[in-house]
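A.B. asks: Output the structure for:
(2 chains)
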Amino acid sequence: MTTDSRTYLDPEVIQRVAGLELKARMIVEGYVSGLHRSPFRGFSVEFAEHREYVPGDDMRFLDWKVYGKTDRLYIKRYEEETNLEAHLVVDASASMAYTSSKGSGEGDQSHSKFDYACWSAAALAYLVTKQQDAAGLVLFDETVRKAMQAQSNRAHLRNMITELEAATPAQGTGIARALGEAGEAIRRRGLVILFSDLMDDSDEILRGLKQIRHRGHEVLLFHTLAHDEVTFPFERLTRFEGMEEIAHLVADPVSLRTAYLAEVKAFRRRLRRVCLANRIDLVEMDTADSLGVVLSAYLAKRAAVRKR
Amino acid sequence: MTSSMPVLGYLITPGLLALGAALAAVPILIHLLSRRRVRKVRWAAMDWLMAAMKRHQRRLRLENWLILLLRVAAIVLLGLALARPVLTDASILPIGSKRNVYLVLDNSFSTEAKLDARSVFETVRYEADLVLRSIGPDDAAAVLVTNDPDEEATNGLMPHVLLGRTVGTEGASRAREAVAALRTRHAPANWTNTLERLQEQMADEDVNRHVIIVTDLQAKDWLRPPRERIAASEGETPDTTDTDRLKEHLISILRRPAQVRIINVGGRDRRDLAITRIENRSEQDPFVGRPLRLAVSVANYSPEVVRNAQIEVMVDGEERKRITRMPDIPAASADLRVPKPGVETVEVDLPKATFQTPGSHTIKVVVTPPRSDPGADTLGLSSERYLSLRVRRRVHVLAFSQTSRSEQQMEAEQYLRGVFEGATPLEDSGPFEGLPPIYAYESAHSDSALLSLLRARGRQPVDLVVLANRVPRDERLLKTLREFVRDGGGLLVFTGDQVTHDTLNTAFHTDDPANRLLPFAYGNAQVRERTGEKANAFGLDLEFQENPHPIAEPFTNVDADDWIKRMPPVIWGRMPFIEPSPAEGGTDGGGEEPGQAQDGEVVLRFLRDVGDAGESKLGPPAVVSSRFGEGRTVWVATSLDNGWLSTSVLFLPVLLEESAMYLTRPADAGRNLEVGGVLRASVPAEAQRVRFAMPDGGEVSPSRLTPEGSDAGRAVYRHGDVGRAGIWNLTYEVPTASGEPAKVTEAFAVNPDAAEGNLGAATEKDLRDGIPPELDLKLLPSYSDLGTELEEAREGEISRYILWAVLGVLLLESFLALRFGRRRTASDTGS
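C.D. replies: Next up is the predicted model:
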């Protein structure tokens, strides 16, 4: 069932599955099996074969010429191509370690922003590799911690997943510097997929994004925020201790909520404006959201890139 | 604080109010405590948080304070609403605040009245207990009673402070015990004095004063000033004025300010029968072997006629007469604010055998309502009345006359014997049938004979000495005569034409006031020739009523028109008295010391004659009397001769009888008194162990007025604390020759104020009359009805408005909390 398959995209379900590779596969297969039709066809330019129409097929791909000649309905099918380099850039700074307090029940373990980013990156790497595209990986905090060139073989995929599994969030965030270094490390122009909470100086963020865009990369930015960061659900008086700085703040969350949410909203508005100006695709991600969002956004972006 | 200023009061105790105040502090405590329970969170988006904090810090602080203020206000208002505050126009706060309670209890005689199964006074005690139980630890209370309960030391006419102003429940407990032991007195309440005393108890710094008066609210006490009460007792219609001192005191108390609640415990059906008077209607005083006619007046204080009431007469405790069907007693007049009773007087004849021994006897008369109407009498004691009588066996008359061959003198001797012994029938005595056989007559014709008869012991003592036209010259005799009168004897003096006024004045109007028997000096004798013309003679002024002396009464009363005034007596010779001018009057003697002449009284005057000195419209005195020690004297300004007989046969016998009775009559008036009067007794100087036995047991020692060692011969004792009705017996012992003291008992009848039976109650309208309407005076049937009053006070409660305010504050707080983001909306929590 389609709906059953989609439940595999729920982050809380994913969290229970051991092994990042298995998680990535589950996300992709779960998503793909729910689509009724293969996303890997239709975008290619090379015709492969005809297939007899079955109810549910997209009418756009009906071969009207064959219908005119034979009075029978056939669907046209195309070959896939592998000419895209996708660079998965994952923020591994300390702030990404934040884990929302919300859990689905007893025994559940909430996942951090970094977990969510890793699952998404792994799923995309799996998908990219499976599409015969090349996938690379950059992990950064204040600087680039790890950079892997894009390749399209399964061994490389496994290496990337191993890197992601091994990484732990630490250090501060230096987006501008890290993106600058990442830009240099990526030799071919391609699609840069950035997973970050963007907990940095907003000017620095802007500078970093502009830098990488300047190098001719397409940029898909997954602004990854924890659910708590979006809703600020705290009730009691709380001492907020900074994850990247030593600073702390004692505040009544209830009284501060409106102002905080206003700050979040203002930041997002500013980010959207910047992304729009620089033709960066922005996806606002909540760690409570379904991972299908990530895959949909990627596929849409890939299609757009191919059309150009 | 003025009375018109609205003030805030509370219907709950201050303790609860304090609790409310404590509750108001709860949000502040929570606010402070919650700051200490801090949760720690490692947080990534510190920049946003810091920015939010920085930007909204001042506003947040303001919002915090505003929210806190609203929450505290909500709780304070809620606490205030629970305290049930009231706004009252009076400056008196209702129950709930600290009170100063002044409780005044009526323990006057009228509260003995039965109301249903119990007496009014029991209800007074019950109500007092209710009030005293309500005294809280912060309250102050004082308790007064209208009649001092100390029976042995007071006459009960004055108010008494049972409990001085005391704070707390301990004083109230003491007062409850005192009230439980409290008794009524047989005296009326004096509310003017009581309210005056109440004001003395009120401290100026007091606030929230509650005066609670528990009374049967007799209209006669509350609505009639004393002056008008006197007029009413004389049968006049009282004209009550609003300038009563009682009202003035009440207004003064109300203006202190104080809340005055009068609890009327007297009930509505207030009927009573009371014996208001017993008097001797006989021709003579009571004597052994003589019948006695009593007149008994019964007052009906109810608005209905009482038929077939019963009268019972007891002599010395034994029933002697019973009237089972008394004539109808008319109803009291209901059209007056103070009802005037209907009165019926019946005559009760006691037979000859009633008194068989001389001395002190008592009569008790009781009226009982008919069996068909037992409710006609509710106040028991007013239905009884006592009378004390001194019954004599004989009046011993000793005449001092001359054995002269003078026709006049012989006539005098014969005349006296004829009158007092009845041995020689009087010629032409007309309707006069002679005196009753109560006199023993003997005469002396020399100073020595008179002296020996006066001094003789072991024989019947002399009661009356008559100097018939003769004056003793022997100084010893004169001294003995003075002692005789001072010890209670009577002296009747006719001047005679054989003595001069100087002789008389020397003997009796001495320079030494202590020995002066004669109050006014005699003047020169005046004689007119008998020309047969009566107009020339000295006549008596029988219209003279300036001083209605008992001796003159038969000659000047209305009945005198039928006999003596038709043929007024005239004489041709007289020795008139020199009446002192008013400025000198009463300077001679006048003290209470035995053996000193008291002011002379003019009994009869001569008609004013041409040539009478002075500008007085009155003629010179013809007959005068005075008191001397315990005895009395009567002086006639002419001779005892046939000169009287030629004009009025009956004048002299009547004058002699009236004088004899007056001069020898025991002082019974002092033996019959009302509660609050003074018991005064003259006893032999040598009397010992002088005591008064109270009606229901107990003895009191009277105070001796005569100094010890005085040679007065008699000692006077006095007791002024007569507060219980009934028979008070004076007992004393007199030494005798045998060595065994003789015990003497004399009875005194003490009766309650008959007007106390007038139980008619004042109404609230009457009570409020003359009192400014803004003053807080109310009449209640019971203290428990103060609950109803509290209900009324609740009309002034502002709780409901405060609750509305609480709701408003809470709504505002919710709105602001949402507005400020202190609460999650449904959409927030959903996301």
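A.B. asks: Look at residue 27 and report its pLDDT.
C.D. replies: No chain specified, so I'll use chain A. Per-residue confidence at A:Ile27 stands at 68 (pLDDT).
A.B. asks: sorry, should have said chain B
C.D. replies: Predicted confidence (pLDDT) for B:Pro27: 67.
A.B. asks: same question, A:Glu263
C.D. replies: Here the pLDDT value assigned to A:Glu263 is 90.
A.B. asks: got a list of what it touches?
C.D. replies: By C-beta atoms under 8 Å, 6 or more residues apart in numbering or on different chains, the contact list for A:Glu263 reads B:48-49, B:51-52, B:55. No exception for glycine: its C-beta is placed from N, CA and C like everyone else's.
A.B. asks: As TSV, the residues you listed with pLDDT would be great.
C.D. replies: TSV is the format used below for the contacts of A:Glu263 (pLDDT from 0 to 100):
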residue	pLDDT
B:Trp48	87
B:Leu49	86
B:Ala51	85
B:Ala52	85
B:Arg55	76
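A.B. asks: Name the surrounding residues that touch stretch B:198-210.
C.D. replies: Residues contacting stretch B:198-210 (C-beta under 8 Å, 6+ apart): B:92-93, B:97-102, B:104, B:140, B:142, B:144, B:159, B:161, B:164-165, B:211, B:249, B:252-253, B:256-259, B:261.
A.B. asks: Take those and, keeping just the buried ones, write it as a ChimeraX select command.
C.D. replies: Burial among those is assessed by 16 or more other C-beta atoms under 10 Å in any protein chain shown; the matching ChimeraX selection reads:
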select /B:92,93,97,98,99,100,101,102,104,140,142,144,159,165,211,249,253,257,258,259,261
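A.B. asks: Name only those of the contacts of A:Glu263 that count as buried.
C.D. replies: Buried members of the contacts of A:Glu263, counted by 16+ other C-beta under 10 Å: B:48-49, B:51-52.
A.B. asks: Identify the residue nearest the residue in the stretch 651-800 of chain B positioned nearest to chain A in space, chain neighbours excluded?
C.D. replies: Residue nearest to chain A within the stretch 651-800 of chain B (C-beta to the nearest C-beta): B:Ser799, separated by 32.7 Å. Nearest residue to B:Ser799, sequence neighbours excluded (C-beta to C-beta, 6 or more residues apart in numbering or on different chains): B:Ala81, at 4.5 Å.
A.B. asks: pretty sure the one you found is touching B:Leu803, no?
C.D. replies: Yes - if you go by C-beta atoms under 8 Å, B:Ala81 and B:Leu803 touch, sitting 4.9 Å apart.
A.B. asks: Pull out the buried residues from stretch B:355-375.
C.D. replies: For stretch B:355-375, a neighbour-count test (16+ other C-beta under 10 Å) marks B:355, B:360-370, B:373 as buried.
A.B. asks: Let's have these in CSV, adding pLDDT and secondary structure.
C.D. replies: Shown next, in CSV, are the buried residues of stretch B:355-375 (pLDDT from 0 to 100; DSSP: H, G, I helix; E, B strand; the rest coil):
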residue, pLDDT, secondary structure
B:Phe355, 92, coil
B:Ser360, 89, strand
B:His361, 93, strand
B:Thr362, 94, strand
B:Ile363, 95, strand
B:Lys364, 95, strand
B:Val365, 95, strand
B:Val366, 95, strand
B:Val367, 94, strand
B:Thr368, 93, strand
B:Pro369, 92, coil
B:Pro370, 91, coil
B:Asp373, 87, coil
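A.B. asks: all helices of chain A, in order?
C.D. replies: Counting by DSSP state H, chain A has helices at residues A:2-6, A:11-16, A:20-33, A:64-70, A:113-130, A:154-166, A:175-185, A:202-214, A:227-231, A:253-277, A:292-307.
A.B. asks: for those, which one ends up most surrounded?
C.D. replies: Highest mean neighbour count among these (mean count of other C-beta atoms under 10 Å in any protein chain shown): helix A:113-130, with a mean of 26.
A.B. asks: Domain parsing of chain A, as residue ranges.
C.D. replies: Under the assignment automatic domain parsing, the domains of chain A span A:2-33+A:81-307, A:46-79.
A.B. asks: The contacts of A:Glu263: which ones sit near chain A?
C.D. replies: B:48-49, B:51-52, B:55 (C-beta under 8 Å from any C-beta of the partner chain).
A.B. asks: Next, check those against the helices and list the overlap.
C.D. replies: Members of the ones next to chain A among the contacts of A:Glu263 lying in helices (criterion: DSSP H): B:48-49, B:51-52, B:55.
A.B. asks: Could you report the pLDDT at the residue lying closest to A:Asn153 once chain neighbours are set aside?
C.D. replies: Once flanking residues are discounted, A:Asn153 sits nearest to A:Thr129: 7.4 Å by C-beta to C-beta, 6+ apart. At A:Thr129, the model reports a pLDDT of 82.
A.B. asks: Distance check, A:Thr129 against B:His501.
C.D. replies: A:Thr129 sits 172 Å away from B:His501, taking C-beta to C-beta, to the nearest Å as the criterion.
A.B. asks: Likewise for B:Arg574?
C.D. replies: Separation of B:Arg574 from B:His501 (C-beta to C-beta) stands at 11 Å.
A.B. asks: Find residues that contact each of the two.
C.D. replies: Shared contacts of B:Arg574 and B:His501 (C-beta under 8 Å, 6+ apart): B:Ala525.
A.B. asks: Comparing these two, which residue is more hemmed in?
C.D. replies: Shown here are B:Arg574 and B:His501; by other C-beta atoms under 10 Å in any protein chain shown, B:Arg574 has more neighbours (26 against 19).
A.B. asks: Now do that one, the pLDDT please.
C.D. replies: 88.
A.B. asks: Which residues does it form beta bridges with?
C.D. replies: Counting by DSSP bridges, B:Arg574 forms beta bridges with B:Gln526.
A.B. asks: residues touching it, list them.
C.D. replies: If you count contacts by C-beta under 8 Å, 6+ apart, then B:Arg574 has B:525-527, B:538, B:606, B:622, B:637-638 around it.
A.B. asks: Neighbour-wise, which one of these leads?
C.D. replies: Counting neighbours by other C-beta under 10 Å, the top entry in the contacts of B:Arg574 is B:Ala637, with 28 neighbours.
A.B. asks: give me every residue that touches it.
C.D. replies: Contacts of B:Ala637 by C-beta under 8 Å, 6+ apart are B:495, B:522, B:574-577, B:606, B:620-624.
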